[in-house]
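> Here is a sequence together with a model predicted from it:
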Amino acid sequence: MASALGDANGLRSARAGSLKEGERIALAINAAAARYRSLSRTGKQRLLDELQVLTGYHRKSLLRRLNQRPDQRQSSLRGQHRRRYGPEVVEALVPLWEASDRLCGKRLHALLPQLLESLEHHGHLQLEPSVRAGVLMMSSATIDRLLAPVRQSSGGNGWRRPPRAHSGVRRRVQVRTFKGWDDHKQPGWLEIVLVAHCGGRLEGRFIWTLVATDIATGWSESLPVITRDGASVLAAIQRLRKQLPFPLRGIDADNDPAFMNALMEQWCDAPEQGIELTRSRAYQSNDQAWVEQKKGMLIRRVVGYERLVGLEAAQVLAELYAALRLFTNLFQPSFKLKSSVREGGRIKRLHHPPRTPLQQLLRTGVMGEQEAADLRELRQRCDPVALLATMRSCQSRLALLISGQHANAMAGDPLAWQSPDEEKQELECFLQGLQALWRQSRPLQKKPKPRQGRRSRVDPFEVHAALIPQWLEAEPDVGSQELLERLIALDPERYGPQHKRTLQRRIRDWRVARVQQALERAADRPETKAWTEEGVLPGVNQRR
């Protein structure tokens, strides 16, 4: 105990001397180390506690210093770092940093000779020779270290770019993982996702497919979307809601800006809708395991991975999905997990007997008697052979569109000019390719969309309001930049680059209207009415 107190008193006396702080602490530790090994375990602990309070060192650091040999402690004492640049050099460095518009250390180090010479030449800065030499001798790391306190206290420190609008929506929308569906046994809770028909290239315009799957029953819906923006996706979801045979209670989407935007959030939060909007975790596709499985089974196996562009392909996809929804939901049974038990290193899973989504829906007991009777009557009226024939016909037309051999698949009989052998060969090649392609997985790199705004001034295209739709009808895939160049060439005094964003909104609204017309036209075609005995449209939820 006396030894510990004596070493502490030696440290206090060393602090009162004329040596620098680091040297005083080193001498005190050397004095304590002379008696450290002769102390008992309790004495060593008390000495370490006292030294830790007085020096501020970590306990492990003190142990390493006390256990060193005397020659090692002397070498560490001689190697104490001495400050090379005084406060006058730092004061001279700050105006140079400000004159460079606050560059980082590496860029400022390369600019210092030219910048210092320029400031001295114009009379903005005059330094003493020793200070000037010290500034030019600094390394980039030293510049960053000396300017760190200045940066911390300067205005605008830590500025970051404001987040995009969809980032704010993502922060407000609740996250739902793959284990978050245990309490949702009723139908109406959907997982939705967008599927790209890009052919492996995300550049340019191509068609997307909106896929939705009900968690409780497995009921699936698919709709084509021409452009991946919030307005088009919301229009497709509103159309999908009318086709569902049960009320829509919740939507679980991924982090795509096409879903995480103000339009979707306002529509779901509206009192008359009462729809709960949730999202999955980023880069966690297992959070949407149900819709991901349906995406591979329904879309990739039936349509494939080829690139689909234009209104013709969208119309064919609308007919294909109209037949596919009935064929899958009414005549395609699937297994549903009953329980999952781990036994040692293996997982034992039990499944319910295979049932169709319609049977699963009727077993839930949430349907009224009249609604259940309508669904059973729909199943009796639908002819699975006619549905399958329509699907094969649409697949054949898609194969022709992909191969570029068909100019207008929507006019008259799309296969009238083909011989039966050629038609059969095209369809067989297309189906054989799908059997291998649907199992492949191609990750998509999604690009953020610009924030959607609202126009608050007079329409600048009022004079040529009828001309723009004519151009779009003739060339549906034409871009906004090309249309704007045509308008500028037509009337350079009226139009300019500032009208590009307004023109983009005009094109988006036109494409949304065209998608709705294509879906309605697909429902009114004779082939669609031929799926049932009485020609009744398959939508059960049209009354809502």
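Here it is on my side, so go on.
> where along the stretch 51-200 of the chain do the helices fall?
59-66, 70-78, 87-99, 105-121, 129-137, 140-153, 165-172 (DSSP state H, counting those that start in this stretch).
> Now render those as CSV, adding mean neighbour count, distance to W208 and mean pLDDT.
Yep, even glycine has a C-beta here, placed from its N, CA and C like the rest. Converted to CSV, the helices of the stretch 51-200 of the chain look like this (neighbours: other C-beta atoms under 10 Å; distance: least, C-beta to C-beta, whole Å; pLDDT from 0 to 100):
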stretch, mean neighbour count, distance to W208, mean pLDDT
helix 59-66, 15, 59, 86
helix 70-78, 12, 67, 56
helix 87-99, 16, 50, 88
helix 105-121, 15, 43, 89
helix 129-137, 14, 58, 90
helix 140-153, 14, 46, 88
helix 165-172, 16, 17, 78
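> and of these, who's closest to S396?
helix 165-172 (39.2 Å; C-beta to C-beta).
> check contacts around V515.
Neighbouring residues of V515 by C-beta atoms under 8 Å, 6 or more residues apart in numbering: 224-226, 232, 235-236, 314.
> of those, closest to P87?
S232 (62.5 Å).
> Can you tell me the SS state at that closest one?
helix (DSSP: H, G, I helix; E, B strand; the rest coil).
> Quick check: the gap between it and R376.
When distance is defined by C-beta to C-beta, to the nearest Å, S232 is 35 Å away from R376.
> who's more crowded, these two?
Legend: neighbour count by other C-beta atoms under 10 Å for S232 and R376, higher for S232 (21 against 12).
> if I read this right, that one contacts R508, doesn't it?
Yes - the pair S232 / R508 is scored as a contact, 7.1 Å apart, by C-beta atoms under 8 Å.
> care to break this protein down by domain?
Following the assignment in automatic domain parsing, the chain carries domains at 2-78, 87-153, 169-437.
> These: which one's closest to L484?
Nearest of the domains of the chain (C-beta to C-beta): domain 169-437, 16.4 Å.
> want to throw the domains of the chain into CSV with distance to R486?
Shown next, in CSV, are these (distance: least, C-beta to C-beta, whole Å):
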stretch, distance to R486
domain 2-78, 73
domain 87-153, 42
domain 169-437, 18
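> Can you tell me which of these is most buried?
domain 169-437 (a mean of 17; mean count of other C-beta atoms under 10 Å).
> Show me how far it is from its chain's centre.
21 Å (C-alpha atoms, centre = their mean, to the nearest Å).
> going forward can the numbers begin at 783, since that is how I track them
From this message on, residue numbering opens at 783, which makes the last subject domain 951-1219.
> Quick one: name whatever helix or strand follows the helix or strand hosting W990.
Using DSSP states H and E, W990 maps to strand 989-996. Downstream of strand 989-996, the first helix or strand assigned by DSSP H and E is strand 1002-1007.
> And what about I1270, helix, strand or coil?
helix.
> list the contacts for it?
1277-1278 are the contacts of I1270 under C-beta under 8 Å, 6+ apart.
> and stretch 979-989, C-alpha only, in PDB?
What follows is stretch 979-989, C-alpha atoms only, in PDB (Å, rounded to 0.1, in the frame of the first residue of the first chain):
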ATOM      1  CA  HIS A 979     -40.100  -8.000 -70.200                       C
ATOM      2  CA  CYS A 980     -36.800  -6.400 -71.200                       C
ATOM      3  CA  GLY A 981     -34.900  -9.200 -72.800                       C
ATOM      4  CA  GLY A 982     -31.900  -8.700 -70.400                       C
ATOM      5  CA  ARG A 983     -31.500  -5.000 -71.300                       C
ATOM      6  CA  LEU A 984     -33.100  -2.300 -69.100                       C
ATOM      7  CA  GLU A 985     -32.300   0.500 -71.600                       C
ATOM      8  CA  GLY A 986     -35.200   2.000 -73.500                       C
ATOM      9  CA  ARG A 987     -38.900   1.300 -73.200                       C
ATOM     10  CA  PHE A 988     -40.500  -2.100 -72.800                       C
ATOM     11  CA  ILE A 989     -43.600  -3.700 -71.200                       C
END
